[in-house]
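no sequence on this one, just coordinates:
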């Protein structure tokens, strides 16, 4: 016998008693009382309130300017629809809402969230569309950068993961279907003396609790939203309100259903198992912190954004801030270099790991579209499609040099390589990259929304031939992947044959191309030329090369580029790939280095 049946009405006193029990226990968890990175501790019962909150008073509701006040508040995570958007706060109704907010003007999910807070004795509720003035760009820019801390410091987040009905979300606390539990049997309960002291209930379980959690929470329409991903990762405590169950989740990785059954989620340390564990892994004691950012982006890049042109970088800015805090803590712990080497972040990638970061790949051949959001083509954020990184391999050597980052106003920010051991993985043989600051002045100009437009790079560039798809059987494709150190099984349907123009019949490598312009050319012509920039060299210790046996060989990681129209040194990324032919690799290594700009 496990769990306790609470009935089919999530509005019942039994359900709220369970919520109180869970919250009281969680507030005692050390990890749930600190930020995601572990850099700051706080008491969620008394934190700085958001700029505006819905205040619950005896007279009703009002929108309150908190003016730096302290207290406890609840946040709501929900999927916008026509009803929630029409109830937004605007410049026209703002003054009226400072005085009073009518329940009748709010969607039922908002009313239910407010009722939950009221019944738990919480005075303030933060809902984005109510507490941020909509269609006011200035207010949005001010509040958007604080949304991460709002979710992180709230007492708990209410996540409306219930299924949509007719395009609209039913209320959070609506009674469930009467047949949500089948074959319910009541049996007498007897004590050790054989005396009946009530009853207990047994029902047939249709699905296991873990399976329910995955299907009702992590596979819900809500969790497919980009902004919601950040809200989920940052929230210390979440109450998931689904159509069949309440689920509770906190930063310790503990999740349980309303029956108080603890879910035994299969959280491991390989890439495929990390998605459910991201909010518990982003901490300074995580051993593979260097790879974790790629896992975060791989998950995030699959999600939907209503306004990708403005939100592609912004909707993950809060996680980036906490990731940076984790890097700083780890740096300070191992090397005490916090004053000289502050992690730099640009266009969704980290400068310290830029050589690996540049090598993102599209997941499949269903080409995405370029994002008109000001991000450069070398960033994953420039493509509205799922992306992934291949696994790192030992003995990878960086080949091109990052000279500087060039901001949108044309300012050059010189880059240096810090001579230090790797903090994240054992795979790096080089130091970390940082912007050069004055030795006498320690500055921290970190901006999570920052987008540099150009990378000044010095490296070897060659013009290569791109041909048709690599048309091989699965066994041969697997061998090519193994031979080039491409361990994960993704993206192979995108691979094009890469050849040396002087020996066009010899397969020298593969390339994956995502830029729409070159994809159109490849559909119209059998052969296309593109520049390849040598980014790094990886030593691969297994695999058979075509024509001869080799157990140890170098593979070149390259970016494919097109020269920007009207420029003599500015190049746009069009794809990524690997060169395994030793003759072409030798030509690359003998080529003269050039200074170019990636835009």
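Thanks, I have the structure now. This structure is a prediction, so every number in the text was calculated from the model and none was measured.

now tell me which helix or strand of this structure has the poorest mean pLDDT.
strand 164-165 (a mean of 46; mean pLDDT, DSSP states H and E).

what bridges to residue 456?
Beta-bridge pairing of residue 456 under DSSP bridges involves residue 404, residue 597.

and it, how many neighbours?
19 (other Cβ atoms under 10 Å). For every residue, glycine as well, the C-beta is placed using N, CA and C.

for it, what are its contacts?
Residue 456 makes contact with 402, 403, 404, 405, 406, 412, 595, 596, 597, according to Cβ atoms under 8 Å, 6 or more residues apart in numbering.

same thing but 10 Å
401-406, 412-415, 569, 595-598 (Cβ atoms under 10 Å, 6 or more residues apart in numbering).

buried subset of those?
402, 403, 404, 405, 406, 413, 415, 596, 597, 598 (16 or more other Cβ atoms under 10 Å).

of those, which pair is most distant in space?
Distance extremes for these: the farthest pair is 413 and 596 at 17.1 Å, using Cβ to Cβ.

picking up where we left off before, between the contacts of residue 456, which sits nearest residue 484?
Checking those against residue 484 by Cβ to Cβ gives residue 598 as the nearest, at 22.6 Å.

ok, the closest one touching residue 454?
Yes: between residue 598 and residue 454 there is a contact at 6.5 Å, judged by Cβ atoms under 10 Å.

just give me the neighbour total for residue 46.
11.

pLDDT wise, what is it at?
We have a pLDDT of 97 for residue 46.

if I look at it, how far off is residue 121?
Between residue 46 and residue 121 the computed distance is 14 Å (Cβ to Cβ, to the nearest Å).

show me the helices in the stretch 51-200 of the chain, by range?
82-86, 94-99, 108-119, 128-131, 137-144, 147-153 (DSSP state H, counting those that start in this stretch).

how far away from the center of its chain is the last one?
Relative to its chain's centre, helix 147-153 lies at 16 Å (Cα atoms, centre = their mean, to the nearest Å).

for that helix, packing partners?
Packing contacts for helix 147-153, counted by 3 or more Cβ pairs under 10 Å, 6 or more residues apart in numbering; DSSP states H and E, involve strand 47-48, strand 73-77, strand 124-126, helix 128-131, helix 226-234, helix 317-334.

mind listing the strands the third one pairs with, and their directions?
It stands for strand 124-126. According to DSSP bridges, strand 124-126 forms sheet pairs with strand 52-57 (antiparallel), strand 73-77 (parallel).

can you say which of the ones you listed is packed in most?
Neighbour counts (mean count of other Cβ atoms under 10 Å) averaged over each of those peak at strand 73-77, with a mean of 26.

now do that strand, average pLDDT.
The pLDDT scores in strand 73-77 average 97.

with stretch 19-29 instead?
Mean predicted confidence for stretch 19-29 is 94.

now, among the buried ones among the contacts of residue 456, which is nearest to residue 378?
If you rank these by distance to residue 378 using Cβ to Cβ, residue 598 comes first, at 4.6 Å.

tell me who's in contact with the closest one.
With contact set as Cβ under 10 Å, 6+ apart, residue 598 has these partners: 358, 376-379, 400, 402, 406, 453-457, 459, 533, 559, 561, 564, 570-573.

mind checking which of those are in strands?
Using DSSP state E, the members of the contacts of residue 598 that fall in strands are 402, 406, 454-457, 459, 533, 559, 561, 570-573.

touching, residue 405 and residue 378? I think so.
No: judged on Cβ under 10 Å, residue 405 makes no contact with residue 378 at a distance of 11.4 Å.

now for those two: what residues contact both?
347, 354, 452, 454, 455.

which pair in these spans the largest distance?
Those two in the shared contacts of residue 405 and residue 378 that are separated most widely, counting by Cβ to Cβ, are 354 and 454, at 13.0 Å.

compare these two (neighbour count), which wins?
residue 354 (23 against 20).

OK, contacts around the more buried one?
The contact partners of residue 354, by Cβ under 10 Å, 6+ apart, come to 344, 346, 378, 398, 400, 402, 405, 415, 432-433, 455, 457, 535.

least confident of those residues?
residue 432 (74).

which strand residues sit across from that one in the sheet?
Under the criterion used here (DSSP bridges), residue 432 is bridged to residue 418.

thanks again, I'm all set now.
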